[in-house]
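# structure, please.
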Amino acid sequence: MPHYWGKILVVTKDELVPKYYSESALKLAIYRYADKPYGIKKVQKGGNGRQMLIDFDSLSMDVQN
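Numbers count the residues shown, from 1 in each chain. Model prediction:
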């Protein structure tokens, strides 16, 4: 379920991994589009008790619905 992180609408990695992406495919997609103005974008890196947050607006329409 998307929620606001500051002013950005985000989803967690756990919401995407089992249903839409495998963990390796998600990491690869984030790496592939990191320097491009389009594609999936990571907002917060996960680790040390934090969850990886992904920008909801950068997801495809199929995943957003």
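
# residue at max distance from the center of this structure?
Here the chain reaches farthest from its C-alpha mean at residue 48, the gap being 17.9 Å by Cα atoms, centre = their mean.

# from residue 65, how far off is residue 46?
From residue 46 across to residue 65, the span is 25 Å (Cβ to Cβ, to the nearest Å). C-beta: built from backbone N, CA, C; applies to glycine.

# again but with residue 19, I slipped
Per Cβ to Cβ, residue 19 is found 12 Å from residue 65.

# isn't residue 1 up against residue 14?
No - using Cβ atoms under 8 Å, residue 1 is not in contact with residue 14, being 11.1 Å away.

# which residues does residue 12 bridge with?
Counting by DSSP bridges, residue 12 forms beta bridges with residue 53.

# report pLDDT for it.
Per-residue pLDDT puts residue 12 at 94.

# neighbour count: residue 1 and residue 14, which is higher?
residue 14 (10 against 5; other Cβ atoms under 10 Å).

# and for residue 51, the neighbour number?
For residue 51, the neighbour count with other Cβ under 10 Å is 15.

# where does it land on pLDDT?
Predicted confidence (pLDDT) at residue 51: the value is 93.

# which one is it nearest to, not counting chain neighbours?
Residue nearest to residue 51 in three dimensions, not counting chain neighbours: residue 12, with 4.6 Å by Cβ to Cβ, 6 or more residues apart in numbering.

# same question, residue 39
Once flanking residues are discounted, residue 39 sits nearest to residue 33: 2.6 Å by Cβ to Cβ, 6+ apart.

# list the contacts of that neighbour.
Applying Cβ atoms under 8 Å, 6 or more residues apart in numbering, we find residue 33 in contact with 39-41, 58.

# now it. Its backbone dihedrals?
Dihedral pair for residue 33: phi -100, psi 10, per degrees, to the nearest 10.

# host element of residue 15?
Assessed by DSSP states H and E, residue 15 sits inside helix 13-16.

# contacts for that helix, please.
The contact list for helix 13-16 (Cβ under 8 Å, 6+ apart) reads 1, 23, 26, 46, 51-54, 59, 63.

# pull out the buried residues from the contacts of residue 33.
Neighbour-count burial (16 or more other Cβ atoms under 10 Å) is assigned, among these, to 40-41, 58.
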